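Chemist: Sequence and predicted structure, then a few things I'm wondering about:
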Amino acid sequence: MPLLTTLVDNFNDNVIGPNWGDSYGGVTETGGRARVPLVAGAYAGYQTGRAWTLAGASIYLKTPTLPAASTGTDVGVHFMITSPVEGTGIGFKINRVTNKLRMQSNVDYFDAGAVELTYDAVNHLWLRLREDGTNVYWDTSPNGSTWTNRRTLATPAWVTTAIDQCAVDLFCYRDAGVTDYAEYDNVNTLADGAVYNGAAALTADSSLTSTGAVAVISAAALTADSALDATGHLAAHASADLTGESDLGAEPAGSDTGDIDFAVSRPTTGWVVSAPWR
């Protein structure tokens, strides 16, 4: 059961992802945003397949770029969760002609009890829909973190029965006026990180045209007066010639001379000298 909470896209790879397989009307992913054109008399939108569940889930996004009213009388930017029944859905509409933010629970494309506020480009930049098993909530935020509830409605029956049958439709329409576009961004994420690959032809005077991480390897030729300008560790090896004196003494094995005294003197008369002294 894929809850809408698990639908995440920051559009930063500039490729329309597989979750938006039902998109229509010439939409593109440009500059890290989902871009929807407004051409007079034509609908266009980013749309998922009917595989999602609103019950017990939430979904939020921001609308950083809105179209001009121009000469139109009906110029709208929509963020809707639609049911399998055509014309039945819950969501927001930003009316660029009246400058109203409309929070609606449509049946047959209309909600007589819809709540409307004067649109505030700062405080209504982020929009969120959520359902908790009892009610559906429409919330707005200036930053995607601090939310203000704008409307609360008892959960319509279709929300709890349309399990894995809901679609997200981010669509726009203008009835007249100059062609322009709206942009959506950051579906269920505050992260805007991305990886970009770029190439640059460098000469001695060239500069990189894209931000990158530069690693520099340098070498130094040192003389007696050179100095290293990087801290290093110095290991030294030294050799030494050692001299010394020693006395070597030994005792005969098995001899005990502890109680024998020897006296040595010149021989006198009466002595007999035998080997080995003669």
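Modeler: That came through, no problem.

Chemist: which stretches of the stretch 51-200 of the chain aren't confidently modelled?
Modeler: Counting by pLDDT under 70, the stretch 51-200 of the chain contains low-confidence ranges at 193-200.

Chemist: got the residue ranges for the strands in it?
Modeler: 58-65, 75-82, 89-95, 100-106, 115-118, 126-131, 135-141, 148-154, 167-174, 180-185 (DSSP state E, counting those that start in this stretch).

Chemist: Out of those strands, flag the one nearest residue 21.
Modeler: strand 167-174 (10.4 Å; CB to CB). Placement of C-beta: from N, CA and C, glycine included.

Chemist: Turn the strands of the stretch 51-200 of the chain into JSON lines, including mean neighbour count.
Modeler: Converted to JSON lines, the strands of the stretch 51-200 of the chain look like this (neighbours: other CB atoms under 10 Å):
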{"stretch": "strand 58-65", "mean neighbour count": "20"}
{"stretch": "strand 75-82", "mean neighbour count": "23"}
{"stretch": "strand 89-95", "mean neighbour count": "22"}
{"stretch": "strand 100-106", "mean neighbour count": "21"}
{"stretch": "strand 115-118", "mean neighbour count": "14"}
{"stretch": "strand 126-131", "mean neighbour count": "22"}
{"stretch": "strand 135-141", "mean neighbour count": "19"}
{"stretch": "strand 148-154", "mean neighbour count": "14"}
{"stretch": "strand 167-174", "mean neighbour count": "24"}
{"stretch": "strand 180-185", "mean neighbour count": "22"}
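
Chemist: Who are the contact partners of the residue lying closest to residue 175 once chain neighbours are set aside?
Modeler: Leaving out its chain neighbours, the residue that sits closest to residue 175 by CB to CB, 6 or more residues apart in numbering is residue 74, at 4.3 Å. Neighbouring residues of residue 74 by CB atoms under 8 Å, 6 or more residues apart in numbering: 97, 173, 174, 175.

Chemist: Quick check: the second one touching residue 73?
Modeler: What it means is residue 173. No - checked against CB atoms under 8 Å, the pair residue 173 and residue 73 is beyond contact range at 11.5 Å.

Chemist: so residue 156 makes contact with residue 135?
Modeler: No - judged on CB under 8 Å, residue 156 makes no contact with residue 135 at a distance of 10.3 Å.

Chemist: looking at it, residue 33 is touching residue 181, isn't it?
Modeler: No - taking contacts as CB under 8 Å, residue 33 lies outside contact range of residue 181: 9.7 Å.

Chemist: overlap in contacts of these two?
Modeler: Common neighbours of residue 33 and residue 181 (CB under 8 Å, 6+ apart) are residue 65.

Chemist: Quickly list what residue 137 is bridged to.
Modeler: residue 130, residue 152 (DSSP bridges).

Chemist: neighbouring contacts of stretch 79-93?
Modeler: For stretch 79-93, using CB under 8 Å, 6+ apart, the contacting residues are 4, 50, 52, 54, 59, 61, 63, 76-78, 101-109, 127, 129, 136, 138, 156, 158-159, 162, 165-171, 184.

Chemist: From start to finish, how long is that stretch in a straight line?
Modeler: One end of stretch 79-93 sits 6 Å from the other (CA to CA, to the nearest Å).

Chemist: how much space between residue 173 and residue 179?
Modeler: Computed with CB to CB, to the nearest Å, the distance linking residue 173 and residue 179 is 12 Å.
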